[in-house]
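[1] Got a sequence here, can you model it:
(one chain, ligands or ions: 1)
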Amino acid sequence: MKELLKRLVESPGVSGNENDIRNIMKKELEKSCDSVEVNRMGNVIAKKGKGKIKLMLVAHMDEVGLLVKHITEKGYLKFDPLGGIDQRSLLAQKVRVYSGNGQMVGVIGSKPIHIQEKEEQEQVIKMKKLFIDIGAKDRKDAEKMGIAPGTFAGLYREFSELANGMVTGNGLDNRAGCAALIELMKRVNPKNCTIYAVGSVQEEKGLIGARGATFQINPDVVVGVDTTIAGDMPEVDEADAPVKIGEGPVIPLLDGYAVVHPAAKKWLTETAEKNKIKYQFETTPGAGMDSSIAPVIRDGIPSTGLCVPTRYLHTGVEVLSLKDLETLVDFLEAAVKTVDRYF
Ligand SMILES: [Zn+2]
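    Model (predicted):
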């Protein structure tokens, strides 16, 4: 799965511009599934199985990014955020700009320390004040390179390995979920249910793609496969973020939208206990994921998440453990076998 994850991380895919990720997902899922379609909003929907119960597994294909809103006369690019990108992590970073003429490199520049006032050194620079330098001579020059308001940009993507099976890159949220779905669909061939594996668009903009896909599929249960906040780092209170890397996948009990459905919680916890799979619970009232919205679609569709603990979310240096990701696929594989007993 490491090679697949690397390929997914190093391909662009900010919210609203998921084309490259969609192509990988479509191609990979076509190898293992009965059918694969792309709906009007750009969600990939792959289907496999012969059972009556419909199980929808959804992983978002987009990552947080930037959208160019203005080119200054001197040729610098001003931008707005796409999703909840951490503005403190943007300063002095390399970015990729997806111009009409192809990918280019840019940098988010900053005033050198030598000429900063003392107070400036202690301040966070607001996103409004940041700009991308692509080396353009002026606005006309940038326009000639295919840059315009609406041009997408993303953090510079590079997948690297740390010690102990941990990996880093930007957009692990949620290329990890995409990789897990692709891997799972290779392994299963269910008779007790039909699985709909969905790669959704624009999750980071407010669960946009998942809403229509959930309505369209009308499943019996939805599982959001995503990353979640690991708090095992200095300066984080354990009570605020108790999840730890290496301790297995996470079942969110409560998020910014909903409380986990009791049948879904029972299904996943009993699966984990019976199969001796490590797992963790979390509550993060400020967060939300594609499955969180299912309870308010149609007459209400039961749902839960199953997440990979990930440090430094929504920055360019997200970190997760490949072991947790593999455990998550094992967990889903076991859960597929019994889903018809709970819904
Ligand atoms: Zn996510």
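
[2] Leaving out sequence neighbours, find the closest residue to Gly286.
    Gly256 (5.7 Å; CB to CB, 6 or more residues apart in numbering). Bear in mind the C-beta positions are built from the backbone N, C-alpha and C, glycine included.

[3] so what's the one you found up against?
    Listed by CB atoms under 8 Å, 6 or more residues apart in numbering, the contact set of Gly256 reads Thr284, Pro285, Gly286, Ala287, Gly288, Ser292.

[4] Put the buried members of those into a PyMOL selection.
    PyMOL command restricting the contacts of Gly256 to the buried ones, with burial defined by 16 or more other CB atoms under 10 Å:
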select buried, resi 284+287+288+292
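
[5] Any figure for the gap between the residue nearest to Gly286 and Gly206?
    11 Å (CB to CB, to the nearest Å).

[6] Over to Ala92?
    Taken as CB to CB, the span from Ala92 to Gly206 is 29 Å.

[7] and Val95, which of the three is it?
    strand (DSSP: H, G, I helix; E, B strand; the rest coil).

[8] what pairs with it across the strands?
    Gly106, Leu155 (DSSP bridges).

[9] what does the stretch 101-250 of the chain put close to the ion?
    Within the stretch 101-250 of the chain, the positions near the ion by CB under 5 Å from the ion are Asp173, Asn174, Asp226.

[10] ranking these by neighbours, who comes first?
    Neighbour counts for these peak at Asn174, which has 31 neighbours (criterion: other CB atoms under 10 Å).

[11] export the strand or helix carrying it as CSV, just CAs?
    Using DSSP states H and E, the element containing Asn174 is helix 172-187. Extracted C-alpha coordinates of helix 172-187, given in CSV (Å, rounded to 0.1, in the frame of the first residue of the first chain):
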residue,chain,number,x,y,z
LEU,A,172,-2.4,12.2,3.8
ASP,A,173,-5.8,13.5,4.8
ASN,A,174,-7.3,11.8,2.9
ARG,A,175,-5.2,9.9,0.4
ALA,A,176,-4.8,7.4,3.3
GLY,A,177,-8.6,6.8,3.1
CYS,A,178,-8.4,6.5,-0.7
ALA,A,179,-5.6,4.0,-0.5
ALA,A,180,-7.5,2.0,2.1
LEU,A,181,-10.6,1.8,-0.1
ILE,A,182,-8.6,0.6,-3.1
GLU,A,183,-6.8,-2.0,-1.1
LEU,A,184,-10.0,-3.2,0.6
MET,A,185,-11.9,-3.7,-2.7
LYS,A,186,-9.1,-5.9,-4.0
ARG,A,187,-9.5,-8.2,-0.9
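
[12] Would you check the distance separating it from the middle of the chain?
    Averaged C-alpha coordinates place helix 172-187 at 11 Å from its chain's average position (CA atoms, centre = their mean, to the nearest Å).

[13] so the following helix or strand past it versus helix 172-187, what angle?
    Counting by DSSP H and E, the element after helix 172-187 in chain order, helix or strand, is strand 193-200. For strand 193-200 against helix 172-187, the angle by axes from the mean of the first three to the mean of the last three CA atoms, to 10 degrees is 150 degrees.

[14] Tell me which strands strand 193-200 pairs with, and in which orientation.
    Under the rule (DSSP bridges), strand 193-200 has strand 44-49 (antiparallel), strand 53-60 (parallel) as partners.

[15] tell me what the helix holding Asn174 is packed against?
    In terms of contact count using 3 or more CB pairs under 8 Å, 6 or more residues apart in numbering; DSSP states H and E, helix 172-187 is assigned the packing partners helix 2-9, helix 19-32, strand 53-60, strand 193-200, strand 221-229, strand 303-310, strand 318-321, helix 322-338.

[16] so which of those gets nearest Asp86?
    strand 318-321 (10.8 Å; CB to CB).

[17] That closest one close to the ion?
    No: judged by CB under 5 Å from the ion, strand 318-321 stays clear of the ion, getting no closer than 10.1 Å.

[18] Convert the C-alpha atoms of that strand to CSV, please.
    What follows is strand 318-321, C-alpha atoms only, in CSV (Å, rounded to 0.1, in the frame of the first residue of the first chain):
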residue,chain,number,x,y,z
GLU,A,318,1.1,15.2,8.2
VAL,A,319,2.3,12.0,9.8
LEU,A,320,0.7,8.6,10.2
SER,A,321,1.7,5.0,10.8
